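Student: Structure, please.
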Amino acid sequence: MGKSISFVMPMYNESANIERAVTLLKNLASSITEDFEIIVVDDASSDGSAGIVQDIAGYDKRIKLYRMKRNTKFGGAFAEGFKRASNEIIVYMDSDMPVGPEDIKASIAMIDDADIVTAVSGVEKGDTAFRKFISEGYNNLVRSLFGINIRDINSGYKIVRRELIKDIEFISQSPFVDAELFMHALKKNARIKEYSLIFRSRTAGRSHIASLPMILATFRDIAKLWFRSRRER
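Tutor: Predicted coordinates:
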């Protein structure tokens, strides 16, 4: 039967991608294990994405849709997906499914000897000079402030043992939630492995991760968690 796996995809305005992503993921999951669920958390999309997933879920109870009442700038949807996951292994990925089947299969096998497997890409999805600047600056800042020695903290693909995160209440309401996950893991001396891959570029829709509202929300969460960590010392 294999592992029991919860696939988690936060989603915001992905009407051009989500039907294809869920269909591909369902077919792939069926080839890996009989015990799986696909959890899509809609971060208050305005383009009909939720309706598409709801229609698919109507035909397959393994596909589950949860809807946020307001847009949470990614972090809330990420946390909700982890909270709703019921299986022993959680596989998180962006909702445009940027990871190929062979990489998913190979990386899932690595969780046998780890608590977290996190992707590292030599070529970033949607690579531009601006995104490189933002990504490198962000990773360096978070490493220096929080001691997280991970090459790509906010990569859009992670595998996590549910046992590791079942007691965590995420604070971040932004992409900084990825760093918060690692902070929690390091406190527990978790085994973290990195998996090298090349993320697939999206073929439709657009990423919102480098938008100004996302960046501002991320810096607010960095400040919030930094002051909290100082108080706990």
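Student: Please count neighbours and contacts with C-alpha atoms only from this point.
Tutor: Noted.
Student: Against which helices or strands is the helix-or-strand element of the chain with minimal mean pLDDT packed?
Tutor: In the chain, no helix or strand scores lower on mean pLDDT, DSSP states H and E than helix 129-146, which sits at a mean of 79. For helix 129-146, there is no helix or strand it packs on, judged by 3 or more CA pairs under 8 Å, 6 or more residues apart in numbering; DSSP states H and E.
Student: What lies in contact with whichever helix or strand comes after that helix?
Tutor: Later in the chain than helix 129-146, the nearest helix or strand by DSSP states H and E is strand 157-161. Residues from elsewhere that reach strand 157-161 (CA atoms under 8 Å, 6 or more residues apart in numbering): 88-94, 99, 107-108, 111, 115-119.
Student: where's whichever helix or strand comes after strand 157-161 relative to the chain centroid, distance-wise?
Tutor: Toward the C-terminus, strand 157-161 is succeeded by helix 162-165 as the next helix or strand (DSSP H and E). Chain-centre distance of helix 162-165: 15 Å, with CA atoms, centre = their mean, to the nearest Å.
Student: which residues touch residue 3?
Tutor: 33, 35, 88-89.
Student: Farthest-apart pair in the contacts of strand 157-161, please.
Tutor: 88 and 99 (20.9 Å; CA to CA).
Student: Comparing the two, which residue is more hemmed in?
Tutor: It is residue 99, of residue 88 and residue 99, that has more neighbours when counted by other CA atoms under 10 Å, with 18 against 15.
Student: Look at that one and give its secondary structure.
Tutor: coil (DSSP: H, G, I helix; E, B strand; the rest coil).
Student: what about it, distance to residue 165?
Tutor: 23 Å (CA to CA, to the nearest Å).
Student: same question, residue 200
Tutor: Distance of residue 200 to residue 165, given as CA to CA: 28 Å.
Student: In a strand, residue 194, correct?
Tutor: Yes: the assignment for residue 194 (three-state DSSP) places it in a strand.
Student: who does the helix or strand harbouring residue 179 touch, helix- and strand-wise?
Tutor: In this assignment (DSSP H and E), residue 179 forms part of helix 177-187. Judged by 3+ CA pairs under 8 Å, 6+ apart, helix 177-187 is in contact with helix 75-84, helix 162-165.
Student: For the shortest one, name the packing helices and strands.
Tutor: Under the contact criterion of 3+ CA pairs under 8 Å, 6+ apart, helix 162-165 touches helix 177-187.
Student: so for the helix it packs on, what's the average pLDDT?
Tutor: For helix 177-187, mean pLDDT rounds to 94.
Student: Give me the angle between that helix and strand 157-161.
Tutor: Per axes from the mean of the first three to the mean of the last three CA atoms, to 10 degrees, the angle that helix 177-187 makes with strand 157-161 is 40 degrees.
Student: I'd like to check the angle between helix 177-187 and helix 75-84, please.
Tutor: Using the same axes, to 10 degrees: helix 177-187 against helix 75-84 is 50 degrees.
Student: With residue 10 as the reference, measure out to the residue nearest to residue 69 when sequence neighbours are not counted.
Tutor: Of all residues not flanking residue 69 in the chain, residue 44 sits nearest, at 6.2 Å (CA to CA, 6 or more residues apart in numbering). Here the criterion is CA to CA. By it, residue 44 lies 10 Å from residue 10.
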